[in-house]
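Visitor: what's the 3D shape of this:
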Amino acid sequence: MIHHSAIVDPGARIADSAEIGPYCAIGADVEIGARTRVMAHVFMEGPLQIGEENIFFPYSTVGVAPQDLKYRGERSATRIGHRNRIREFVTIHRGTEGGGMLTSIGDDNLLMAYVHIAHDVKIGNHTVLANAVTFGGHVTVEDWAVIGASSGVHQFCRVGRHAIVGGYSVITQDVLPFSNTVTAREAKVFGENSIGLKRRGFSAESIEALHKAFRLLTHSGLNTAQALVRIAAEVPPCAEIDELIAFIRAAGRGFVK
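Guide: Model prediction:
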(Lines give C-alpha, C1' and ligand atoms only; values in the text may rest on other atoms or scores of the structure.)
Protein backbone atom coordinates (compact mmCIF):
# COMPACT_ATOMS: atom_id res chain seq x y z
CA MET A 1 0.00 0.00 0.00
CA ILE A 2 3.05 2.29 -0.29
CA HIS A 3 3.52 3.77 -3.76
CA HIS A 4 6.94 3.14 -5.29
CA SER A 5 7.57 6.90 -5.67
CA ALA A 6 6.96 7.67 -1.97
CA ILE A 7 9.94 8.26 0.33
CA VAL A 8 9.40 6.64 3.72
CA ASP A 9 12.02 6.78 6.46
CA PRO A 10 12.88 3.37 7.95
CA GLY A 11 11.97 4.80 11.36
CA ALA A 12 8.35 5.42 10.37
CA ARG A 13 5.70 3.00 11.67
CA ILE A 14 2.89 2.49 9.18
CA ALA A 15 -0.05 0.12 9.66
CA ASP A 16 -0.39 -2.61 7.04
CA SER A 17 -3.82 -1.31 5.99
CA ALA A 18 -2.70 2.32 5.64
CA GLU A 19 -2.07 3.76 2.18
CA ILE A 20 0.79 6.06 1.18
CA GLY A 21 0.28 7.61 -2.24
CA PRO A 22 2.62 8.94 -4.94
CA TYR A 23 5.44 11.35 -4.07
CA CYS A 24 4.70 11.51 -0.34
CA ALA A 25 7.58 12.05 2.09
CA ILE A 26 7.18 10.38 5.49
CA GLY A 27 9.87 11.15 8.04
CA ALA A 28 11.31 9.30 10.99
CA ASP A 29 9.19 8.81 14.11
CA VAL A 30 5.92 9.12 12.20
CA GLU A 31 3.22 6.64 13.21
CA ILE A 32 0.25 6.15 10.88
CA GLY A 33 -2.73 4.09 12.01
CA ALA A 34 -4.90 1.53 10.29
CA ARG A 35 -6.84 2.44 7.15
CA THR A 36 -5.46 5.99 7.06
CA ARG A 37 -4.96 7.22 3.50
CA VAL A 38 -2.21 9.68 2.59
CA MET A 39 -3.14 10.54 -0.98
CA ALA A 40 -0.21 12.22 -2.79
CA HIS A 41 2.49 14.88 -2.37
CA VAL A 42 1.99 14.95 1.43
CA PHE A 43 4.93 15.82 3.70
CA MET A 44 5.06 14.52 7.29
CA GLU A 45 7.67 14.99 10.02
CA GLY A 46 7.86 13.38 13.45
CA PRO A 47 7.38 12.99 16.26
CA LEU A 48 3.90 12.55 14.77
CA GLN A 49 1.16 10.16 15.81
CA ILE A 50 -1.81 9.67 13.47
CA GLY A 51 -4.76 7.45 14.34
CA GLU A 52 -7.06 5.36 12.19
CA GLU A 53 -9.21 6.09 9.12
CA ASN A 54 -7.91 9.59 8.45
CA ILE A 55 -7.49 10.96 4.93
CA PHE A 56 -4.85 13.50 3.94
CA PHE A 57 -5.44 15.20 0.60
CA PRO A 58 -2.57 16.33 -1.68
CA TYR A 59 -0.06 18.99 -0.67
CA SER A 60 -0.84 19.03 3.05
CA THR A 61 2.10 19.26 5.48
CA VAL A 62 1.91 17.76 8.93
CA GLY A 63 4.18 17.94 11.97
CA VAL A 64 6.67 20.46 10.57
CA ALA A 65 8.61 22.95 12.70
CA PRO A 66 6.58 25.91 13.99
CA GLN A 67 6.80 29.50 12.79
CA ASP A 68 7.83 30.64 16.27
CA LEU A 69 11.08 32.53 16.76
CA LYS A 70 11.36 31.05 20.27
CA TYR A 71 11.48 27.52 18.87
CA ARG A 72 14.95 26.05 19.26
CA GLY A 73 14.50 22.61 17.79
CA GLU A 74 13.11 21.00 20.95
CA ARG A 75 11.61 17.53 20.44
CA SER A 76 7.97 18.57 20.42
CA ALA A 77 5.19 16.57 18.81
CA THR A 78 1.95 16.46 16.85
CA ARG A 79 -0.95 14.10 17.58
CA ILE A 80 -3.97 13.49 15.34
CA GLY A 81 -6.88 11.21 16.25
CA HIS A 82 -9.26 9.21 14.09
CA ARG A 83 -11.47 9.81 11.04
CA ASN A 84 -10.25 13.32 10.28
CA ARG A 85 -10.36 14.81 6.77
CA ILE A 86 -7.37 17.03 6.04
CA ARG A 87 -7.86 18.82 2.75
CA GLU A 88 -5.43 20.33 0.24
CA PHE A 89 -2.61 22.63 1.41
CA VAL A 90 -3.47 22.37 5.12
CA THR A 91 -0.45 23.12 7.34
CA ILE A 92 -0.15 21.61 10.83
CA HIS A 93 2.87 22.60 12.96
CA ARG A 94 4.20 20.75 15.98
CA GLY A 95 4.27 22.16 19.52
CA THR A 96 6.86 24.19 21.39
CA GLU A 97 8.41 24.15 24.84
CA GLY A 98 6.43 27.25 25.76
CA GLY A 99 3.09 25.63 24.94
CA GLY A 100 3.26 22.13 26.34
CA MET A 101 5.27 20.54 23.48
CA LEU A 102 2.18 19.29 21.63
CA THR A 103 -0.19 20.28 18.84
CA SER A 104 -3.25 18.04 18.95
CA ILE A 105 -6.30 17.34 16.81
CA GLY A 106 -9.06 15.03 18.04
CA ASP A 107 -11.51 12.88 16.08
CA ASP A 108 -13.99 13.42 13.22
CA ASN A 109 -12.84 16.90 12.21
CA LEU A 110 -12.99 18.49 8.75
CA LEU A 111 -10.12 20.85 7.93
CA MET A 112 -10.86 22.43 4.57
CA ALA A 113 -8.25 23.68 2.10
CA TYR A 114 -5.52 26.07 3.28
CA VAL A 115 -6.35 25.83 7.00
CA HIS A 116 -3.33 26.65 9.18
CA ILE A 117 -2.93 24.96 12.57
CA ALA A 118 -0.11 26.73 14.41
CA HIS A 119 2.06 25.42 17.23
CA ASP A 120 0.43 24.20 20.45
CA VAL A 121 -3.11 24.47 19.06
CA LYS A 122 -5.65 22.06 20.51
CA ILE A 123 -8.60 21.04 18.33
CA GLY A 124 -11.37 18.94 19.86
CA ASN A 125 -13.79 16.61 18.07
CA HIS A 126 -16.40 17.10 15.34
CA THR A 127 -15.22 20.59 14.38
CA VAL A 128 -15.50 22.16 10.92
CA LEU A 129 -12.76 24.61 9.93
CA ALA A 130 -13.65 26.17 6.59
CA ASN A 131 -11.25 27.24 3.85
CA ALA A 132 -8.27 29.40 4.89
CA VAL A 133 -9.07 29.51 8.62
CA THR A 134 -5.86 30.55 10.41
CA PHE A 135 -4.97 29.99 14.05
CA GLY A 136 -2.22 31.69 16.00
CA GLY A 137 -0.31 29.58 18.49
CA HIS A 138 -1.90 28.18 21.64
CA VAL A 139 -5.50 28.41 20.36
CA THR A 140 -8.07 25.96 21.75
CA VAL A 141 -11.13 24.92 19.70
CA GLU A 142 -13.65 22.85 21.62
CA ASP A 143 -15.97 20.09 20.34
CA TRP A 144 -18.53 20.77 17.57
CA ALA A 145 -17.32 24.31 16.87
CA VAL A 146 -17.68 25.64 13.30
CA ILE A 147 -15.40 28.42 12.03
CA GLY A 148 -16.21 30.14 8.75
CA ALA A 149 -13.89 30.69 5.81
CA SER A 150 -10.92 33.07 6.00
CA SER A 151 -11.34 33.72 9.72
CA GLY A 152 -8.32 34.39 11.91
CA VAL A 153 -8.05 33.50 15.59
CA HIS A 154 -5.51 35.30 17.78
CA GLN A 155 -2.97 33.48 19.95
CA PHE A 156 -4.25 32.05 23.25
CA CYS A 157 -7.94 32.48 22.34
CA ARG A 158 -10.53 29.78 22.91
CA VAL A 159 -13.56 28.87 20.80
CA GLY A 160 -16.17 27.19 22.97
CA ARG A 161 -18.25 24.08 22.33
CA HIS A 162 -21.01 24.26 19.70
CA ALA A 163 -20.07 27.84 18.77
CA ILE A 164 -20.31 29.01 15.17
CA VAL A 165 -18.07 31.81 13.89
CA GLY A 166 -19.04 33.57 10.68
CA GLY A 167 -16.72 33.82 7.69
CA TYR A 168 -14.01 36.51 7.54
CA SER A 169 -14.14 37.03 11.31
CA VAL A 170 -11.15 38.39 13.23
CA ILE A 171 -11.23 36.79 16.67
CA THR A 172 -9.09 38.47 19.33
CA GLN A 173 -11.01 37.28 22.40
CA ASP A 174 -12.61 34.02 23.50
CA VAL A 175 -15.76 32.93 21.64
CA LEU A 176 -18.46 31.77 24.03
CA PRO A 177 -19.75 28.19 23.85
CA PHE A 178 -23.14 27.78 22.12
CA SER A 179 -22.86 31.26 20.55
CA ASN A 180 -23.42 32.54 17.01
CA THR A 181 -20.61 35.05 16.41
CA VAL A 182 -20.11 37.11 13.26
CA THR A 183 -17.99 40.11 12.41
CA ALA A 184 -17.88 43.22 10.27
CA ARG A 185 -14.76 45.01 11.43
CA GLU A 186 -14.89 43.40 14.84
CA ALA A 187 -16.48 40.20 16.07
CA LYS A 188 -19.82 40.45 17.84
CA VAL A 189 -22.11 37.89 19.42
CA PHE A 190 -25.62 37.90 17.94
CA GLY A 191 -27.10 35.30 20.25
CA GLU A 192 -27.13 31.58 20.74
CA ASN A 193 -26.29 29.13 17.95
CA SER A 194 -29.90 27.99 17.85
CA ILE A 195 -29.86 26.11 14.55
CA GLY A 196 -26.72 24.14 15.38
CA LEU A 197 -27.97 23.33 18.89
CA LYS A 198 -31.32 22.07 17.55
CA ARG A 199 -29.55 19.86 15.01
CA ARG A 200 -27.45 18.32 17.77
CA GLY A 201 -30.41 17.45 19.96
CA PHE A 202 -30.27 20.12 22.67
CA SER A 203 -33.58 20.52 24.46
CA ALA A 204 -35.87 23.48 23.79
CA GLU A 205 -35.53 24.42 27.46
CA SER A 206 -31.73 24.60 27.26
CA ILE A 207 -31.84 26.66 24.07
CA GLU A 208 -34.35 29.07 25.61
CA ALA A 209 -32.16 29.40 28.73
CA LEU A 210 -29.15 30.19 26.55
CA HIS A 211 -31.21 32.73 24.60
CA LYS A 212 -32.05 34.57 27.83
CA ALA A 213 -28.46 34.41 29.03
CA PHE A 214 -27.05 35.82 25.78
CA ARG A 215 -29.62 38.62 25.81
CA LEU A 216 -28.41 39.62 29.27
CA LEU A 217 -24.75 39.35 28.25
CA THR A 218 -24.96 41.25 24.97
CA HIS A 219 -28.12 43.40 24.77
CA SER A 220 -28.91 44.54 28.30
CA GLY A 221 -26.31 47.28 28.72
CA LEU A 222 -24.97 45.49 31.80
CA ASN A 223 -21.30 44.81 32.42
CA THR A 224 -20.24 41.17 32.68
CA ALA A 225 -20.40 40.96 36.47
CA GLN A 226 -23.90 42.48 36.52
CA ALA A 227 -25.06 40.20 33.72
CA LEU A 228 -23.81 37.10 35.57
CA VAL A 229 -25.78 38.13 38.66
CA ARG A 230 -28.92 38.54 36.55
CA ILE A 231 -28.34 35.20 34.81
CA ALA A 232 -28.06 33.44 38.17
CA ALA A 233 -31.27 35.09 39.36
CA GLU A 234 -33.42 34.92 36.22
CA VAL A 235 -32.29 32.07 33.95
CA PRO A 236 -33.38 28.51 34.75
CA PRO A 237 -30.30 26.47 35.70
CA CYS A 238 -29.02 23.78 33.34
CA ALA A 239 -25.71 22.20 32.40
CA GLU A 240 -25.26 24.51 29.39
CA ILE A 241 -25.67 27.65 31.51
CA ASP A 242 -23.16 26.28 34.03
CA GLU A 243 -20.69 25.65 31.20
CA LEU A 244 -21.24 29.13 29.75
CA ILE A 245 -20.61 30.81 33.11
CA ALA A 246 -17.51 28.71 33.81
CA PHE A 247 -16.15 29.58 30.35
CA ILE A 248 -16.65 33.31 30.99
CA ARG A 249 -14.89 33.17 34.35
CA ALA A 250 -11.89 31.41 32.77
CA ALA A 251 -11.53 33.88 29.87
CA GLY A 252 -8.07 35.34 30.35
CA ARG A 253 -8.35 37.62 27.30
CA GLY A 254 -11.99 38.55 27.83
CA PHE A 255 -14.66 37.26 25.44
CA VAL A 256 -16.51 38.45 22.35
CA LYS A 257 -19.70 40.38 23.15
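
Visitor: other SSEs contacting the least confident helix or strand in the chain by mean pLDDT?
Guide: Lowest on mean pLDDT, DSSP states H and E among the helices and strands of the chain sits strand 187-192, with a mean of 81. If you count contacts as 3 or more Cβ pairs under 8 Å, 6 or more residues apart in numbering; DSSP states H and E, strand 187-192 packs onto strand 179-183, helix 204-218. No exception for glycine: its C-beta is placed from N, CA and C like everyone else's.

Visitor: Pairing partners for the first one, with directions?
Guide: I take that to be strand 179-183. If you go by DSSP bridges, strand 179-183 pairs up with strand 164-165 (parallel), strand 187-192 (antiparallel).

Visitor: Packed most tightly, which of those would that be?
Guide: Sort the strands paired with strand 179-183 by mean neighbour count, taking mean count of other Cβ atoms under 10 Å, and strand 164-165 sits at the top with a mean of 24.

Visitor: Give me the average confidence score over it.
Guide: The average of the pLDDT scores along strand 164-165 is 96.

Visitor: residues in contact with it?
Guide: Applying Cβ atoms under 8 Å, 6 or more residues apart in numbering, the external contacts of strand 164-165 come out as 145-148, 151, 159, 171, 175, 179-182, 187, 193, 196.

Visitor: one step back: what's the first helix or strand after the least confident helix or strand of the chain?
Guide: Next along the chain after strand 187-192, taking DSSP states H and E as the criterion, comes helix 194-199.

Visitor: Can you give the contact residues for that next one?
Guide: 144, 146, 162, 164, 178, 180, 206, 207, 210, 211.

Visitor: okay, now the fifth one: neighbour count?
Guide: Put plainly, it is residue 178. Residue 178: 28 surrounding residues under other Cβ atoms under 10 Å.

Visitor: cool, the second one as well?
Guide: Summarising burial for residue 146: neighbours were counted as other Cβ under 10 Å, giving 20.

Visitor: cool, and the last one?
Guide: The burial metric for residue 211, expressed as a neighbour count using other Cβ under 10 Å, is 14.
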